[in-house]
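Undergrad: next comes the sequence, and after it the predicted model I'd like to discuss.
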Amino acid sequence: MDQIRTELYKIDMNNPEDILKFYQKHVQYYENLNKAIDRMTIEEFIVVKQKYCIALETKNKYSEAIIILQKVYILLDRLKNKSSKYYNSLYEKTLFWEGIFLGRQNKYTESNEIFKKLILLDPKNERYQDWYLTNKECLIKNKIDIMEYLFSASFFITVIWGDKLFDSTIFYVKLIVIALLISIVTIKQLYRKMIKMPESEKPGT
């Protein structure tokens, strides 16, 4: 353990390649959570795993990173009773990266469940707010894109086969379809302005 810790202190923890090589070299040690019993070792395990997850993001390995973070939560539970002054910051950082990895996987709803917790912890943190709003934008955009596709398809069907399908009511059908199509295009242009933070999650509330 002392040898691994000495090696850890020598590497650049902010260099993704260094932390990837280090973790993979000592993966058996850091995956054995039974070795993390005392406060100092638990904190070390958490920090190393967090850094490893951040390094995994540079390789787009989000699923693997989330699996690692689930083990970090186990360590955080263990750290609760160790009077660690770093517990809150370590917990918040773990939440943050889980939210990011879920967002990177286009799991916007799940990601925002994480960022809701983070905003409650730190209502004035602009980074948390930006991620929350970006996820909201993506969710709304997906729905708008689907509606635009459906209305566009309805428009072309109406133009091509409308006379046969709707007979004497074709004029009104065309008006409705065109109106819906214009509406959805307009909404698509304005959707960013429509997104607001829920009152309970706004800074200062």
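TA: Sure, I can see it.
Undergrad: how close does Lys61 get to Gln3?
TA: Noted for Lys61: a distance of 27 Å to Gln3, by Cβ to Cβ, to the nearest Å. (Glycine included, C-beta is placed from N, CA and C.)
Undergrad: looking at these two, which is more packed in?
TA: Counted by other Cβ atoms under 10 Å, Lys61 and Gln3 do not tie: Lys61 has more neighbours, with 16 against 8.
Undergrad: what are the phi and psi values at the more buried one?
TA: When read as degrees, to the nearest 10, the backbone of Lys61 gives phi -100, psi 70.
Undergrad: and the one 5 residues further on, by the same measure?
TA: Phi and psi for Ile66, reported as degrees, to the nearest 10, are phi -70, psi -40.
Undergrad: cool, Thr58 as well?
TA: Dihedral angles (degrees, to the nearest 10) for Thr58: phi -70, psi -20.
Undergrad: leaving aside the residues adjacent along the chain, what's closest to it?
TA: Counting by Cβ to Cβ, 6 or more residues apart in numbering, the nearest residue to Thr58 once its immediate chain neighbours are dropped is Pro16, at 4.5 Å.
Undergrad: wouldn't the one you found be in contact with Ala55 here?
TA: Yes: between Pro16 and Ala55 there is a contact under Cβ atoms under 8 Å: 3.9 Å.
Undergrad: give me the more crowded residue out of the two.
TA: Neighbour count, other Cβ under 10 Å: between Pro16 and Ala55, Ala55 has more, with 23 against 17.
Undergrad: give me the buried positions along whichever helix or strand that one is part of.
TA: Secondary structure from DSSP states H and E places Ala55 in helix 39-57. For helix 39-57, a neighbour-count test (16 or more other Cβ atoms under 10 Å) marks 39, 42-56 as buried.
Undergrad: then that helix to PDB, C-alphas only?
TA: Only the C-alpha atoms of helix 39-57 are listed here, as PDB (Å, rounded to 0.1, in the frame of the first residue of the first chain):
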ATOM      1  CA  ARG A  39     -10.600   7.600   6.800                       C
ATOM      2  CA  MET A  40      -7.400   8.400   4.900                       C
ATOM      3  CA  THR A  41      -7.500   5.300   2.700                       C
ATOM      4  CA  ILE A  42     -11.200   5.800   2.000                       C
ATOM      5  CA  GLU A  43     -10.500   9.400   0.900                       C
ATOM      6  CA  GLU A  44      -7.700   8.300  -1.200                       C
ATOM      7  CA  PHE A  45      -9.800   5.600  -2.900                       C
ATOM      8  CA  ILE A  46     -12.500   8.200  -3.600                       C
ATOM      9  CA  VAL A  47     -10.200  10.800  -5.100                       C
ATOM     10  CA  VAL A  48      -8.300   8.200  -7.300                       C
ATOM     11  CA  LYS A  49     -11.600   6.800  -8.600                       C
ATOM     12  CA  GLN A  50     -13.000  10.300  -9.300                       C
ATOM     13  CA  LYS A  51      -9.900  11.200 -11.200                       C
ATOM     14  CA  TYR A  52     -10.000   7.900 -13.100                       C
ATOM     15  CA  CYS A  53     -13.600   8.600 -14.000                       C
ATOM     16  CA  ILE A  54     -12.700  12.100 -15.300                       C
ATOM     17  CA  ALA A  55      -9.900  10.500 -17.300                       C
ATOM     18  CA  LEU A  56     -12.400   8.000 -18.700                       C
ATOM     19  CA  GLU A  57     -14.500  10.800 -20.000                       C
END
